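Chemist: the following block contains a protein sequence and its predicted model.
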Amino acid sequence: MNRDHLARMTKIEVVVTGSDAAAVRDLCASAGATGFTSLSGVSGLGHHGYHQGRLLFNQQATLELIITVVPDDLAETLLAGLRPLLDSSSGVLFVTDTWVSRPEYFT
Amino acid sequence: MNRDHLARMTKIEVVVTGSDAAAVRDLCASAGATGFTSLSGVSGLGHHGYHQGRLLFNQQATLELIITVVPDDLAETLLAGLRPLLDSSSGVLFVTDTWVSRPEYFT
Amino acid sequence: MNRDHLARMTKIEVVVTGSDAAAVRDLCASAGATGFTSLSGVSGLGHHGYHQGRLLFNQQATLELIITVVPDDLAETLLAGLRPLLDSSSGVLFVTDTWVSRPEYFT
């Protein structure tokens, strides 16, 4: 499709336990993200937890999915901040290309 | 991966306040989308609202995330319809390439 | 952005009725996925159901959105397993490229 009216951004989705969610939102703010979307009613197992043996395959944790959309340069900063948090927790992170119609709202 | 069995489509995700959600769903239908997925339990702040000063950084609005997947030509129509709504509200919109296994269900 | 620290994976999102969700999670596990994220509070109409006449446009079903992230070879296996289930139900499936920071957690 014609993307002349759209600007490419980086969507970062983080799935963490409820207790780590506030830290993720704080990292979004301090990295310069202008907003986020947070979804409750999330459960899951694996990917990290499964390997750590923290969760058995029939156990599900109460989680939160936090979505933020940022320009590339902020994505680098945010990923650098998220890595230590995720390394010490059972969270996972997905990075996806996305396009937005009003890039000025994200910078 | 081998995508011979998959067809490329455009995924449009819209985050709006609950009061604007019905209008977004109506726009999906009138643009010719054959369906949508709607997620409640969504909160957020920014991106638009933050810039407008409507939301302070520690305030979160009750939002809805509406996902629809359409062929490219319908995506153009839908985006054109969504723009005025989002311009007058605090909604955001993300456009992502996605692939589906049964394109006939989306046209 | 610099993706040296990220590995490409395939994100598979499945929207199914609550009664089919367990079967989808079982298929994820048997295909070798190391985890999944499951979202409740999901409603929707179409894409498949609309065409089947099962759902009228103002009827919404209670659905579940299941997200799993796998390497490409597992994605093929998982899609092959999901197809018969989705063909006999009103589910839909979206396949998207995504990047993760710790690929070892997904294999």
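Modeler: The structure has been received and is ready for your questions.
Chemist: can you give me the helices in chain A?
Modeler: A:18-31, A:48-52, A:72-87 (DSSP state H).
Chemist: pLDDT below threshold where in chain A?
Modeler: Within chain A, the ranges that satisfy pLDDT under 70 run A:1-2, A:47-61.
Chemist: looking at the helices of chain A, which is closest to residue B:20?
Modeler: Shortest distance between residue B:20 and the helices of chain A, using Cβ to Cβ, is found for helix A:18-31: 23.1 Å. Any C-beta I mention is one placed from the backbone N, CA and C, and that applies to glycine too.
Chemist: could I get the buried residue list for the closest one?
Modeler: Under the neighbour-count criterion of 16 or more other Cβ atoms under 10 Å in any protein chain shown, helix A:18-31 has A:20, A:21, A:24, A:25, A:27, A:28, A:29, A:31 buried.
Chemist: ditto for stretch A:99-107
Modeler: Quick answer for stretch A:99-107 (16+ other Cβ under 10 Å): A:99, A:100, A:101, A:102, A:105, A:106.
Chemist: next one: stretch A:37-48
Modeler: Neighbour-count burial for stretch A:37-48, counted by 16+ other Cβ under 10 Å, picks out A:37, A:38, A:39, A:40, A:41, A:42, A:44, A:45, A:46, A:47, A:48.
Chemist: equivalent analysis for stretch A:82-90, please.
Modeler: Result for stretch A:82-90 [16+ other Cβ under 10 Å]: buried residues A:82, A:85, A:86, A:89, A:90.
Chemist: what do you get for stretch A:3-19?
Modeler: Judged by neighbour count using 16+ other Cβ under 10 Å, the buried positions of stretch A:3-19 are A:6, A:9, A:10, A:11, A:12, A:13, A:14, A:15, A:16, A:17.
Chemist: how about the residue of chain A found nearest chain C: what's its closest non-neighbour residue?
Modeler: Closest residue of chain A to chain C, Cβ to the nearest Cβ: residue A:46 (1.7 Å). Spatial nearest neighbour of residue A:46, excluding adjacent residues (Cβ to Cβ, 6 or more residues apart in numbering or on different chains): residue C:35 at 1.7 Å.
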